[in-house]
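Novice: Generate a structure from the sequence data that follows.
(one chain, ligands or ions: 1)
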Amino acid sequence: MSEKTCAVPPAFSAHHVVSGEAYQALYQQALADPDGFWVSQARRLLTWYQPPTKGFSGSLRDGNIRWFEDGTLNASFNCLDRHVAAGHGDEVAIIWEPNDPKDAPRRLTYLQLLDRVERAANVLKALGVGKGDRVCIYLQMIPELAIAMLACARIGAIHSVVFGAFSASALRDRINDCGAKVLITQDAGWRGNKSVTMKQSADAACAETPSIEHVLVVKHTGADVPMQPERDLSWEGLLAAASATCPPEPMDAEQPLFILYTSGSTGKPKGVVHTTGGYLTYAAYTHELVFDYRPGEVFWCTADCGWITGHSYVVYGPLANRATVLMYEGVPSYPDFGRFWQIVAKHRVNIFYTAPTALRALRAKGDAFVIGHDRSTLRILGTVGEPIKAPEWEWYRAVVGEGRCPIVDTWWQTETGGILISPLPGATPTKPGSATFPLPGVRAVVLDEAGNELGDPKATGLLAIAASWPGMLRDIWGDRARFLQTYLQPFPGYYLTGDGCRRDPDGYYWITGRVDDIMIVSGHNIGTAEVEGAIGAHPAVAEAAVVGIADDITGQAICAFVILKAGHEGSPGLADEINQLVRKIIGPHANLKQIRFTPALPKTRSGKIMRRLLRDVAEGRELGDVTTLEDPAAVAALIEAVRV
Ligand code: PRX
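Specialist: Okay, here's the model as predicted:
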């Protein structure tokens, strides 16, 4: 791994929101007086009805975590009303770029966005949605997605956004887990040259969701979709008829803002709960600091709002900071692999934030797709979602950023609410592939397997956080025990991230990947248990085990080892059936790259599948230690396994 250091460009150290020395001062201030630090950030960044006087209350040990608990505020007010009241209503809040470059972009000013949000909030209210009720949002990347989120926030309803490519059954399970009253969806969507049948999936899901009372349907492609009388309602019709005045609901800082599902290492997805005051403070703080954001600049985070990155850096962080946000409906490859850079040129994007998987795919297509487009407006480039390797990092810096733009490799998680470890563009010399240092206010540590903090700068172990921060999750919806077991109980007093990490002698953090059974495929978290369950739903399958294997484009890809029931034989046709089933149950991102039919799986004496061995087989390596295997013959069988 390259340990070369890239200095901060001089133009940055002079102008950045936080320069090198100021960064040190901020870091020390946050360490010495965390409560004072966070209360002052919360008051500086947000507008409160009742400004908080308290920072953190509670304890990481018992999981009773509260931030700014005597403060009250409203997230939609902070993202909209206050900017309009301060005279910025005519500034553009969202530039929406459609899937097809031949179609016209849409621009929504802060005033227009507020109008839409107030109307949508009134529509939800009229449907009986109130404070604490759950609303599920199943939309593609269209402005209505941000409008729906902010409308929920306005009336204190808790939104749960489900990624628009998720299957009907994934949608159903998420609706049932949180008991949503209303579902907001669209007729159909576009992703490249494919159309996505959203309403159809929503209908299939809602056949088994007793809590759903109404489905609001946004007309987007104009596809002819059946509307179920009484239950289904037209978004446009109701918004047009609704009043454009809806006062924001004052919320206690600790009241939930949203639930977002993420894969767990076992069992069903976890509904990560984020609260209003802490989350919004943290999203605004990190957006300003890491991206050096200044009003007037065009900020583009390519993530979908179905993921946390879209929540924090398409909607809440940037809008709280009065940014102009670019929202893109489509994919990086349509109509060609230059689409990202064509959009950068067209909308004069200043800050660009994407995932390493996209960079790997684009780099593989060659520089010609990049250099034909004007990128002179770009100032900062960011990545998120998985470790970035040196070749992609160098390409991003040299080719995309023309060597001018600092790269912020941001490490964080759905559970952390915002970025925890990242360079600051004006302060941190970078090393390709390292997320560098924790942000001011974040106490990252490296633990050994026994939970001891490794004190030397040079250390390898488990990444944990030794003190709460405002953006931290507060719960797993409906499953307090799982929240405690997953994050807080393994090492009392620490939040356990589930990632392995190496800290080099200069104190730089290098994230080495998950230490649990979660795979990261094209930046999407997928639990091995979820995929194994989906494979097991095929009538010919007796048992399955999956592992993530290295892939040049998607980072990790899924390889499945499948034992068939007696009377069935492995064939390409059967492999395809199983793959289609998994894609249908979970979503197309859970594609099985390889399926190997095998008569046995390697298990320990306690019955745990030895994934390490499966990975060795799948990646064609020499097998590691097999002494703890229950049935060593299983290994021979595995090697013989038919690869389809
Ligand atoms: O393994 C880490 C990886 O993504 C995981 C979190 O995934 P998710 O909750 O879906 O959130 C993704 C977007 C915030 C982490 O546990 N990860 C995220 N960012 C990085 C990363 N790994 C290495 N470097 C990163 N910059």
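Novice: Only C-alpha atoms from now on, for both contacts and neighbour counts.
Specialist: OK.
Novice: after the strand or helix carrying Ala205 comes which helix or strand?
Specialist: With secondary structure defined by DSSP states H and E, Ala205 is part of helix 198-206. Moving toward the C-terminus from helix 198-206, the first helix or strand encountered (DSSP H and E) is strand 214-218.
Novice: circling back to that earlier point, can you list the residues that contact the helix holding Ala205?
Specialist: Contacts of helix 198-206 from elsewhere in the structure, counted by C-alpha atoms under 8 Å, 6 or more residues apart in numbering, are 138-139, 164, 167-169, 171-172, 185-189, 212, 217, 225.
Novice: Buried among those? Need that as a selection in PyMOL.
Specialist: The command below creates a PyMOL selection of those among the contacts of helix 198-206 that count as buried (16 or more other C-alpha atoms under 10 Å):
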select buried, resi 138+139+164+167+168+169+171+172+185+186+187+188+189+212+217
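Novice: Which ones among the contacts of helix 198-206 lie within strands?
Specialist: The subset of the contacts of helix 198-206 located in strands under the criterion DSSP state E comprises 138, 185-186, 189, 217.
Novice: just those residues now: which is nearest the ligand?
Specialist: The closest of the ones in strands among the contacts of helix 198-206 to the ligand turns out to be Tyr138 (C-alpha to the nearest ligand atom; 17.7 Å).
Novice: from memory that closest one sits against Ser167, does it?
Specialist: No. With contacts defined as C-alpha atoms under 8 Å, Tyr138 does not count as touching Ser167, sitting 10.6 Å away.
Novice: helix/strand/coil for the spatially most distant residue from the centre of the chain?
Specialist: Taking C-alpha atoms, centre = their mean, the residue of the chain most remote from its mean C-alpha position is Gly567, at 42.6 Å. Reducing the assignment to helix, strand or coil with DSSP: H, G, I helix; E, B strand; the rest coil, the entry for Gly567 is coil.
Novice: now Ala544
Specialist: Ala544, by the three-state scheme (three-state DSSP), is strand.
Novice: Just the helices from the stretch 151-300 of the chain, written as ranges.
Specialist: Counting by DSSP state H, counting those that start in this stretch, the stretch 151-300 of the chain has helices at residues 168-178, 198-206, 235-241, 276-291.
Novice: Relative to the ligand, which of those is closest?
Specialist: Closest among the helices of the stretch 151-300 of the chain, once you apply C-alpha to the nearest ligand atom, is helix 276-291, at 11.9 Å.
Novice: Is that closest one positioned near the ligand?
Specialist: No. Counting by C-alpha under 6 Å from any ligand atom, the ligand is not contacted by helix 276-291; separation bottoms out at 11.9 Å.
Novice: ranking the helices of the stretch 151-300 of the chain by burial, who's on top?
Specialist: Taking mean count of other C-alpha atoms under 10 Å as the contact definition, the stretch among those with the greatest mean neighbour count is helix 276-291, which reaches a mean of 26.
Novice: which helices and strands sit right next to it?
Specialist: Helices and strands in packing contact with helix 276-291 are listed as helix 34-45, strand 72-73, helix 75-76, strand 251-252, helix 317-320; criterion 3 or more C-alpha pairs under 8 Å, 6 or more residues apart in numbering; DSSP states H and E.
Novice: CSV for the ones you listed, including distance to Glu622?
Specialist: Formatted as CSV, the helices and strands packed on helix 276-291 follow (distance: least, C-alpha to C-alpha, whole Å):
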stretch, distance to Glu622
helix 34-45, 49
strand 72-73, 58
helix 75-76, 54
strand 251-252, 56
helix 317-320, 47
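Novice: one step back: right, and the helices of the stretch 151-300 of the chain - which one's nearest Arg82?
Specialist: Minimum separation from Arg82 across those (C-alpha to C-alpha) falls at helix 276-291, 14.4 Å.
Novice: between that closest one and helix 34-45, how many degrees?
Specialist: In terms of direction (axes from the mean of the first three to the mean of the last three C-alpha atoms, to 10 degrees), helix 276-291 departs from helix 34-45 by 80 degrees.
Novice: quick one: low-confidence parts of this protein?
Specialist: By pLDDT under 70, the low-scoring segments of the chain are 1-3, 13-20, 606, 624-629, 639-644.
Novice: need the residues of it near the ligand, please.
Specialist: By the rule C-alpha under 6 Å from any ligand atom, the part of the chain lying against the ligand is 309, 384-387, 409-414, 435, 499, 511, 513-514, 524-525.
Novice: And these, which of them are buried?
Specialist: Among the residues of the chain next to the ligand, those that count as buried by neighbour count (16+ other C-alpha under 10 Å) are 309, 384-387, 409-414, 435, 511, 514, 524-525.
Novice: From the residues you listed, which land in helices?
Specialist: Here DSSP state H is the test, and those give Thr309 as lying in helices.
Novice: I'd like to know which of the buried ones among the residues of the chain next to the ligand are part of strands.
Specialist: Taking DSSP E, the ones among those that sit in strands are 384, 409-410, 511, 514, 524-525.
Novice: Can you lay out the residues you listed as a markdown table showing distance to Ile343?
Specialist: Conversion of these to a markdown table gives the following (distance: C-alpha to C-alpha, whole Å):
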| residue | distance to Ile343 |
| --- | --- |
| Val384 | 20 |
| Asp409 | 22 |
| Thr410 | 23 |
| Ile511 | 31 |
| Arg514 | 33 |
| His524 | 24 |
| Asn525 | 27 |
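Novice: which pair in the residues you listed spans the largest distance?
Specialist: The span of these, defined through C-alpha to C-alpha, is set by Asp409 and Asn525 at 18.0 Å.
Novice: Let's verify Val562: helix, strand, or coil?
Specialist: Under the three-state scheme (three-state DSSP), the conformation of Val562 reads as strand.
Novice: The residue of the stretch 201-350 of the chain found nearest the ligand and Ile343: what is the separation?
Specialist: For the stretch 201-350 of the chain, the residue closest to the ligand is Thr309, as judged by C-alpha to the nearest ligand atom, at 5.4 Å. When C-alpha to C-alpha, to the nearest Å is the yardstick, Thr309 and Ile343 sit 20 Å from each other.
Novice: check contacts around the residue in the stretch 51-200 of the chain that the ligand sits nearest to.
Specialist: Here the stretch 51-200 of the chain gets closest to the ligand at one residue, Phe163, 11.9 Å apart by C-alpha to the nearest ligand atom. Applying C-alpha under 8 Å, 6+ apart, we find Phe163 in contact with 138-140, 304-307.
Novice: By neighbour count, which of those wins?
Specialist: Top of the contacts of Phe163 by neighbour number is Leu139, holding 30 neighbours under the definition other C-alpha atoms under 10 Å.
Novice: Can you verify my assumption that that one contacts Ile184?
Specialist: Yes. With contacts defined as C-alpha under 8 Å, Leu139 counts as touching Ile184 at a distance of 7.2 Å.
Novice: What separates the first and last residues of stretch 207-218, distance-wise?
Specialist: Across stretch 207-218, the straight-line distance between its terminal residues is 19 Å, by C-alpha to C-alpha.
Novice: Counting neighbours, which bits of that stretch end up buried?
Specialist: Applying a neighbour-count criterion of 16+ other C-alpha under 10 Å, one finds 209, 211-218 buried in stretch 207-218.
Novice: cool, and stretch 96-113?
Specialist: Within stretch 96-113, the residues that qualify as buried are 96-100, 107-113, counting by 16+ other C-alpha under 10 Å.
Novice: Quickly name whichever of the residues you listed is closest to Gln556.
Specialist: Asn99 (26.7 Å).
Novice: Please report how far the closest residue to Glu21 other than its chain neighbours lies from Leu381.
Specialist: Residue nearest to Glu21 in three dimensions, not counting chain neighbours: Ala427, with 7.7 Å by C-alpha to C-alpha, 6 or more residues apart in numbering. In this structure, Ala427 lies at 15 Å from Leu381, with C-alpha to C-alpha as the measure.
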